[in-house]
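got a predicted structure plus its sequence, pasted below:
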Amino acid sequence: MDTQFFVSAPPPADYIQSSQHMFFSYLPENVSFQSGYLGITHTTVSGTLHVRFPKSIEAKSITLKFVGREVVEWSDMKKARGEKIILDKSTYLWRSDSGVGHQLITDLDLPFEFAVPNDAIESFDGRFGSVTYTLQATVNTKPKRLNTCCEVIVPLWRWTRPNEEDLRPLVIKSSPKKARKVPLSWQAILPQTFFDINSEILARLRFVAHIPTLKIRKITATLKTITSYALEDRSVMPVQKSKQQAKHIIHGSEILANSMGPETVFEASVGVKIPASILPTIKTKYITVTNQLEIKVMFERSKHHVLIVKDVFIGRRWMGNGEFERLEIDLKECEEDEP
């Protein structure tokens, strides 16, 4: 590979099939093939294919394919597999203008650009499934058996413009029926239900104990990602994997308590950080990713507890003014824990 292209080119690990005679580079000053903010603005996959042959070869054409695939696969009682082509585009980057059909070539720098549909699914890499986009270049030569190919992975990221409802505070209150087991009423307030990757979920909690002896031992807030894989064939059992993303514990001594006659009011704020490597909330034909906030309240000298569970939408928020972080996600870090 020419050293002048090294900084703005995909790393060797991204090549599914490599060739000493061809390689890709990004547009100048880009750090990926993606240009634009998928889901918000016009988005393209663009760059340059570099062809380098030390000796002239006879070529008829050079083609480039841009393909997206969703694949799931696991073993239960039998092997389960599903595959869907979600994007399939191709173009000629170069064609011989010779009357004999072939033309001698050595070095070529061929720019390309594919428009990405606004509803395209984000790249995903999980234990039992993936959504992968690739660029495959082929130099069609004479003879055909000597065709030269290379293929590289193209990560795509989506942004979201939350609606007003997603950005409103959410109040969750206790059920009167559950108060029979634990003499306690409570409410949890989330500032919103849409959260940015690499930000924080902060919940305000208020508990009213209806007997003076009820004391909170600790509060645990956990952020989990639940990934489900399922086929249309209902005879195949779906699989589900859960991964803990973040956890925060508050002990009883850190919780503000005020006595109000026979009742005690406990107040606390609990936050969990959303890691940059988290899988965004998505739903595809075979894959569903749900991010869930779980708040568990444990009491002193009691076997009972309170469990508050709420699904939250996690993605990349479009700020509307063009000011936001460009997140570089290593898809390998997004893989779920081994069972």
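Everything's here; your move.

now do the longest strand along the chain: which elements does it pack against?
For the chain, the strand with the greatest residue count under DSSP state E is strand 43-75. Applying 3 or more Cβ pairs under 8 Å, 6 or more residues apart in numbering; DSSP states H and E, one finds that strand 43-75 contacts strand 22-25, strand 34-35, strand 79-95, strand 103-116, strand 129-141. Every residue, glycine included, has its C-beta placed from N, CA and C.

considering helices and strands only, name the one in the chain with the lowest mean pLDDT.
When each helix and strand of the chain is scored by mean pLDDT, DSSP states H and E, strand 256-260 comes last, with a mean of 89.

pick the most buried one from the helices and strands packed on strand 43-75.
Most buried of the helices and strands packed on strand 43-75, by mean neighbour count (mean count of other Cβ atoms under 10 Å): strand 22-25, with a mean of 23.

what's the spacing between it and its chain's center?
Mean-position distance between strand 22-25 and its chain equals 26 Å (Cα atoms, centre = their mean, to the nearest Å).

ok, residues contacting it?
For strand 22-25, the surrounding residues in contact (Cβ atoms under 8 Å, 6 or more residues apart in numbering) are 1, 5, 8-10, 33, 47-52, 135, 137, 139, 148-150, 152.

same question for stretch 167-179.
With contacts defined as Cβ under 8 Å, 6+ apart, stretch 167-179 is touched by 184-194, 210, 306, 308, 310.

ok, so of those residues, who is nearest residue 200?
residue 191 (10.1 Å; Cβ to Cβ).

relative to residue 106, how far out is that closest one?
60 Å (Cβ to Cβ, to the nearest Å).

same question, residue 151
Counting by Cβ to Cβ, the gap from residue 151 to residue 106 is 22 Å.

likewise for residue 14?
Distance of residue 14 to residue 106, computed by Cβ to Cβ: 26 Å.

cool, and residue 278?
47 Å.

ditto for residue 152
From residue 152 over to residue 106 (counting by Cβ to Cβ), the distance is 22 Å.

what's the answer for residue 155, then?
Residue 155 sits 31 Å away from residue 106, going by Cβ to Cβ.

what's the domain layout of the chain?
The chain breaks down by automatic domain parsing into domains covering 3-153, 165-334.

shaky segments in this structure?
1-7, 99, 177-181, 320-339 (pLDDT under 70).

residue contacts, the residue in it sticking out farthest from the centre?
Taking Cα atoms, centre = their mean, the residue of the chain most remote from its mean C-alpha position is residue 261, at 49.9 Å. By Cβ under 8 Å, 6+ apart, no residues touch residue 261.

re the thing from before, counting by contacts, list what the least confident helix or strand of the chain packs against.
Going by 3+ Cβ pairs under 8 Å, 6+ apart, strand 256-260 lies up against strand 263-273.

may I have the strand it packs on as CSV, with CA atoms only?
Output of strand 263-273 as CSV, limited to C-alpha atoms (Å, rounded to 0.1, in the frame of the first residue of the first chain):
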residue,chain,number,x,y,z
GLU,A,263,-43.6,8.0,57.9
THR,A,264,-40.1,8.4,56.6
VAL,A,265,-39.3,10.0,53.2
PHE,A,266,-36.1,8.9,51.5
GLU,A,267,-34.7,10.8,48.5
ALA,A,268,-31.8,10.0,46.3
SER,A,269,-30.4,10.5,42.8
VAL,A,270,-28.8,7.6,41.0
GLY,A,271,-26.9,7.7,37.7
VAL,A,272,-25.4,5.2,35.3
LYS,A,273,-22.9,6.1,32.6
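
ok now that strand, how far from the chain's centre?
Put simply, strand 263-273 sits 30 Å off its chain's centre (Cα atoms, centre = their mean).

kindly report the same for stretch 155-164.
Computed by Cα atoms, centre = their mean, the chain-centroid distance of stretch 155-164 equals 11 Å.

check stretch 295-313 too.
Here the centre of stretch 295-313 is set off from its chain's centre by 28 Å, with Cα atoms, centre = their mean.

how about the helix or strand containing residue 307: buried residues?
Using DSSP states H and E, residue 307 sits in strand 305-315. Neighbour-count burial for strand 305-315, with 16 or more other Cβ atoms under 10 Å as criterion, is recorded at 306, 308, 312, 314, 315.

same question, stretch 202-214
Neighbour-count burial for stretch 202-214, counted by 16+ other Cβ under 10 Å, picks out 203, 204, 205, 207, 208, 209, 214.

could you export the residues you listed as JSON lines, including secondary structure and distance to residue 58?
Shown next, in JSON lines, are those (DSSP: H, G, I helix; E, B strand; the rest coil; distance: Cβ to Cβ, whole Å):
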{"residue": "203", "secondary structure": "strand", "distance to residue 58": "67"}
{"residue": "204", "secondary structure": "strand", "distance to residue 58": "72"}
{"residue": "205", "secondary structure": "strand", "distance to residue 58": "73"}
{"residue": "207", "secondary structure": "strand", "distance to residue 58": "79"}
{"residue": "208", "secondary structure": "strand", "distance to residue 58": "83"}
{"residue": "209", "secondary structure": "strand", "distance to residue 58": "85"}
{"residue": "214", "secondary structure": "coil", "distance to residue 58": "85"}
